[in-house]
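Participant: Output the structure for:
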Amino acid sequence: MHRRHFLRAAPLAAIAAPTLVHAKDGVFPATEPHTKRFDEQRWALDNIIQANGIDWDQGHVSVLLRACGLDIQNDMAALRARVKKYADIVPAFEALARKREAMAIEAEKNDEPIPARDNYYTAAAYWATSMWGNEVHGERLRHANDKKRELFTKYIGLADHHIEWVEIPYRGKSVPAVFHLPPNHQAGGKLPVVVMVPGMDGFKERSVSLNGDGWLERGYAVLAIEGPGYWESPVRGIFIDVQGWVETGKEVAKWLRARPEIDMDKVAATGSSFGSFFAAAMISEEPAFKACAVTGTCYDLAGHRIFDEASPTFKKRFMFMSGIADEAEFETFRQTIDWRPFAGKIKAAFLIAGGESDELCPLEATEAFVKALGGPKQLMVYQDSRHSLSGPSAANGPEPRIYQAEWITRRLKGAPMQNERWFVEASGKVDKTAIA
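Facilitator: Next comes the predicted model:
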């Protein structure tokens, strides 16, 4: 038997072979990724987490609060109290997930569908979040993924709008997605749709909020996708591949065309953080996409700043997403994280919101990407803001996510736009200059 065929057939625990450093064909690495910075700086990372809490690198708590609602504030307080080092993250979220699942089951027994619904959604989000920080392809990771899908399926059965699991064809396999229709959608009606690409530590089940979701309230259908390398895809042996995201965009358009609910003249995409890069790749060769809006940019070629200067967890996580355990192999692979082959092909209207002081992507890299775009473009730079787009400029100026939704709505209605660079000052004042 060919060695690779054997490895596909053998249980992971039974594989006693050298690490396979690349897994494009679905062969899982036999160990977790190892990076010099992570291994040597683990003591410093743990001290930073102890001093700053779980939001040491990004706003993990704020994102969960936005998705799950203020009801989880006590959970987040307990999380902050428990997480004192990197190794605490996975078990802390597993414990919260079990607690919320028990609450959901009890609510169902008591014929309380709304608390049951809310707790199933939250439990699924916690199980999914527990997959972040777990870079080992093993039973624990698969169990978390299975529990996430099990409990989100229970949430789907109780939700106030239509939701379904989706499989998008990909090179003989499929990548997972979740499809939402807005409440009160009537059969026969046509809807605009937004295809959402989360950041590298985001996931599809969290992309539409439990309550008051801005896209559903605006009457959009939402397709939240985990393309090559994202969250559940690595569990399936589907890893980061830039050209694979280009192919995924074409398959997404095929899937949308087959849906009677979708108005194919009103198709848009969004991306956040590394989703800003992969959303751009996704739409680059697919004319069905009429607009794209991204926040928290990642356009630094080969990810220099995020992989070499930011928290070492970013590189370790992206290696996991890439199916690579050996750092030397990854150093070669990361050169493919390059927007230059596809940026000029993008003809859809494109909105970019980035921080002037983004710690993960220098502003000049974002500006170079904007210059290369082949269609209408608008760049919004938030003064002093970092990657998460927070602080006075975001608070006093156009709120990035609200503006994004309204901007896409205008584009899909055919409203004209100017090629402009907006600089949002801390006071909220916006200075506008033309982009040549």
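Participant: going forward, measure contacts and count neighbours with C-alpha atoms only.
Facilitator: Noted.
Participant: list the buried ones in stretch 404-423?
Facilitator: 404, 405, 407, 408, 409, 411, 412, 419, 420, 421, 422, 423 (16 or more other C-alpha atoms under 10 Å).
Participant: What's the end-to-end length of it?
Facilitator: In stretch 404-423, first residue to last residue: 16 Å (C-alpha to C-alpha, to the nearest Å).
Participant: so for it, what's the average pLDDT?
Facilitator: Averaged across stretch 404-423, the pLDDT comes to 97.
Participant: which other residues reach that stretch?
Facilitator: 214-215, 265-268, 290-294, 349, 351, 376-383, 430-436 (C-alpha atoms under 8 Å, 6 or more residues apart in numbering).
Participant: redo that, cut-off 6 Å
Facilitator: 266, 376-381, 430-435 (C-alpha atoms under 6 Å, 6 or more residues apart in numbering).
Participant: what residue ranges in this protein are flagged as low confidence?
Facilitator: Where the chain drops to pLDDT under 70, the residues are 1-26.
Participant: what's the longest strand in it?
Facilitator: Criterion DSSP state E: the longest strand present in the chain is strand 262-272.
Participant: what helices or strands is that one leaning on?
Facilitator: The contact analysis (3 or more C-alpha pairs under 6 Å, 6 or more residues apart in numbering; DSSP states H and E) places strand 262-272 against strand 191-197, strand 291-295.
Participant: Of those strands, flag the one that's most buried.
Facilitator: strand 291-295 (a mean of 27; mean count of other C-alpha atoms under 10 Å).
Participant: and that one, how far out from the chain's middle?
Facilitator: Averaging C-alpha positions (C-alpha atoms, centre = their mean, to the nearest Å) puts strand 291-295 13 Å from its chain's average.
Participant: Is it possible to mark the buried ones in the contacts of stretch 404-423?
Facilitator: Buried among these by 16+ other C-alpha under 10 Å: 266, 376, 377, 378, 379, 380, 381, 430.
Participant: how about the second one, what does it touch?
Facilitator: Residues in contact with residue 376 (C-alpha under 6 Å, 6+ apart) are 349, 419.
Participant: Could you measure from it over to residue 402?
Facilitator: 20 Å.
Participant: how far away is the residue nearest the centre of the chain from residue 205?
Facilitator: Taking C-alpha atoms, centre = their mean as the criterion, residue 198 is the residue nearest the geometric centre of the chain, at 1.9 Å. Between residue 198 and residue 205 the computed distance is 10 Å (C-alpha to C-alpha).
Participant: Need the three-state assignment for residue 223.
Facilitator: strand (DSSP: H, G, I helix; E, B strand; the rest coil).
Participant: hang on, the earlier thing: given the longest strand of the chain, what are its sheet partners and their directions?
Facilitator: Counting by DSSP bridges, the strands paired with strand 262-272 are strand 191-197 (parallel), strand 291-295 (parallel).
Participant: Adding distance to residue 284, write the ones you listed out as a markdown table.
Facilitator: Formatted as a markdown table, the strands paired with strand 262-272 follow (distance: least, C-alpha to C-alpha, whole Å):
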| stretch | distance to residue 284 |
| --- | --- |
| strand 191-197 | 14 |
| strand 291-295 | 10 |
